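J.: Return atomic coordinates for the entry below.
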Amino acid sequence: MYFEQKNIFSAFVGILGTRALDSVSVYEKNRQTDLAQTRFPDLIRRGSGERPSPNDCLESKASIRPWAVQAHYNHEGWYIIWRYLIDKTMSIEAEKPVIVWRVDVVYLKSADWKYEGSGAGPGGGGRTHTFGVDKPAAKLKGKALYKRTDLTVKNGKPVPKNHK
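T.: Numbering: from 1, shown residues only. Here you go, the predicted structure:
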């Protein structure tokens, strides 16, 4: 799927994360399909009711980038970010072309997001507008729930620690 349509692969990884958390955690997939597919949140704490507080909301995001977090909205709540890499040669792990190498969990307020406008207009296309977390490396420092110890970030990409 990644090699056919890279731009949707992160959404696919985020969906897999949502499904996994729905089956093993205190969070369940948002049963309001319209909200879950288009807005916020992907998951709500079990038993939190139809109008959960931001503290009971969890959004599942995935990114190939080591720090950036992007979303179409700037909702307050919990975020889990699955950081993955694509290893075409499967040299890091045999038979694993996709590796989740870090999982960040962070509570973000609306003020933590900055608006990133779109370049789309009558003269040409462009990416839809998004919100990005301001200073993501600082905000996510110490928020890794899981991190592979055999990888490090070098030149903006995760690489094996012994990589030259």
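J.: So which helix or strand of this protein has the lowest pLDDT on average?
T.: Across the helices and strands of the chain, mean pLDDT, DSSP states H and E gives its lowest value to helix 33-38, namely a mean of 69.
J.: For the chain, give me the ranges with low pLDDT.
T.: Low-confidence regions of the chain, defined by pLDDT under 70, span residues 35-38, 163-164.
J.: Spatially central residue for it, please.
T.: Nearest to the geometric centre of the chain sits residue 61, at 2.2 Å (Cα atoms, centre = their mean).
J.: Quick check: beta-bridge partners of that one?
T.: Counting by DSSP bridges, residue 61 is bridged to residue 81.
J.: so it sits right up against residue 83, yeah?
T.: No. Residue 61 is beyond contact range of residue 83, at 9.7 Å (criterion: Cβ atoms under 8 Å). Where you see a C-beta, it was placed from the backbone N, CA and C, and this is true even at glycine.
J.: CA atoms only for the helix ranked longest in the chain, dumped as CSV, please.
T.: For the chain, the longest helix by residue count, based on DSSP state H, is helix 6-24. Extracted in CSV, the C-alpha atoms of helix 6-24 (Å, rounded to 0.1, in the frame of the first residue of the first chain):
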residue,chain,number,x,y,z
LYS,A,6,2.2,7.1,0.2
ASN,A,7,-0.1,9.9,1.3
ILE,A,8,-2.7,7.6,2.8
PHE,A,9,-0.3,5.2,4.5
SER,A,10,-0.1,7.2,7.7
ALA,A,11,-3.9,7.1,7.9
PHE,A,12,-3.8,3.3,7.5
VAL,A,13,-1.2,2.9,10.3
GLY,A,14,-3.3,5.2,12.5
ILE,A,15,-6.4,3.1,11.9
LEU,A,16,-4.5,-0.1,12.8
GLY,A,17,-3.4,1.7,16.0
THR,A,18,-7.0,2.6,16.8
ARG,A,19,-8.1,-1.0,16.2
ALA,A,20,-5.4,-2.4,18.5
LEU,A,21,-6.2,0.0,21.3
ASP,A,22,-9.9,-0.7,20.9
SER,A,23,-9.2,-4.4,21.6
VAL,A,24,-6.7,-4.2,24.4
